[in-house]
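> Task: produce atomic coordinates for the following.
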Amino acid sequence: MERSFNGRQMRAVTTACMAAMLGAIVTGGCSKAWITKEEAVVHDPSGLTFTVTSTSCDTLGNDLASSIYASDSSGSSPQSIMKYGPDDRSSLPRITLAGRTITIGIDSVAEVITQEHRFHGYDVNYKIAHVEYPSRMRTKAP
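Next up is the predicted model:
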């Protein structure tokens, strides 16, 4: 069934579409069309817990980001220690703890969005074999 719109209806539809697009741009493109999924949880005998999540946003194109959160046994809120854009070769990160050093290993990522180099008195080191877009890296100095 075909439907035709008059000029006023067309302007209203166009205005609504533009407002939705502007809202998506202003909110980072991910206003209400995002889904976060818990990919893995690692509990270390030291009391640290690491949670890996992936967030998919489908408002304007498809945007995928993975985050690694760390928390300790004090009950404080988990803190993001790394956020990155995965690529088609990304696997789940390997997280190890030796003494006061946390090491996060990842085979390949599209980009590194953020990295923390300290967490509650622990040093955080990263071993990323391949970064497709290294010029986009935004890390905080240790």
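> Name the residues that touch whichever strand or helix holds residue 66?
For residue 66, the element it lies in under DSSP states H and E is strand 63-71. Applying Cβ atoms under 8 Å, 6 or more residues apart in numbering, the external contacts of strand 63-71 come out as 29-30, 39, 48-57, 77-86, 90, 93, 95, 102, 104, 113, 119-120. Just so you know, the C-beta spots here come from the backbone N, C-alpha and C atoms, and that holds for glycine as well.
> So which of those residues are in strands?
39, 49-57, 79-86, 95, 102, 104, 113, 119 (DSSP state E).
> Quick one: buried ones out of the contacts of strand 63-71?
Buried members of the contacts of strand 63-71, scored by 16 or more other Cβ atoms under 10 Å, are 29-30, 48, 50-54, 57, 80-86, 90, 93, 95, 102, 104, 113, 119.
> For the strand holding residue 66, list every residue counted as buried.
Judged by neighbour count using 16+ other Cβ under 10 Å, the buried positions of strand 63-71 are 63, 65, 66, 67, 68, 69, 70, 71.
> send the alpha carbons of stretch 78-97 over as CSV?
Provided in CSV are the C-alpha atoms of stretch 78-97 (Å, rounded to 0.1, in the frame of the first residue of the first chain):
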residue,chain,number,x,y,z
PRO,A,78,34.4,-1.4,39.5
GLN,A,79,36.8,0.9,37.8
SER,A,80,37.4,0.9,34.1
ILE,A,81,41.1,0.2,33.5
MET,A,82,40.9,-0.3,29.7
LYS,A,83,38.5,0.4,26.9
TYR,A,84,39.3,-0.6,23.3
GLY,A,85,37.7,-1.1,19.9
PRO,A,86,38.0,-4.8,19.0
ASP,A,87,38.8,-5.9,15.5
ASP,A,88,37.9,-9.1,13.7
ARG,A,89,41.0,-10.8,15.2
SER,A,90,40.4,-9.7,18.8
SER,A,91,40.0,-12.5,21.4
LEU,A,92,39.2,-12.2,25.0
PRO,A,93,42.0,-10.5,26.9
ARG,A,94,44.4,-12.6,29.1
ILE,A,95,44.6,-11.1,32.6
THR,A,96,47.4,-12.2,34.9
LEU,A,97,48.6,-11.0,38.3
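> Okay then, goodbye and thanks.
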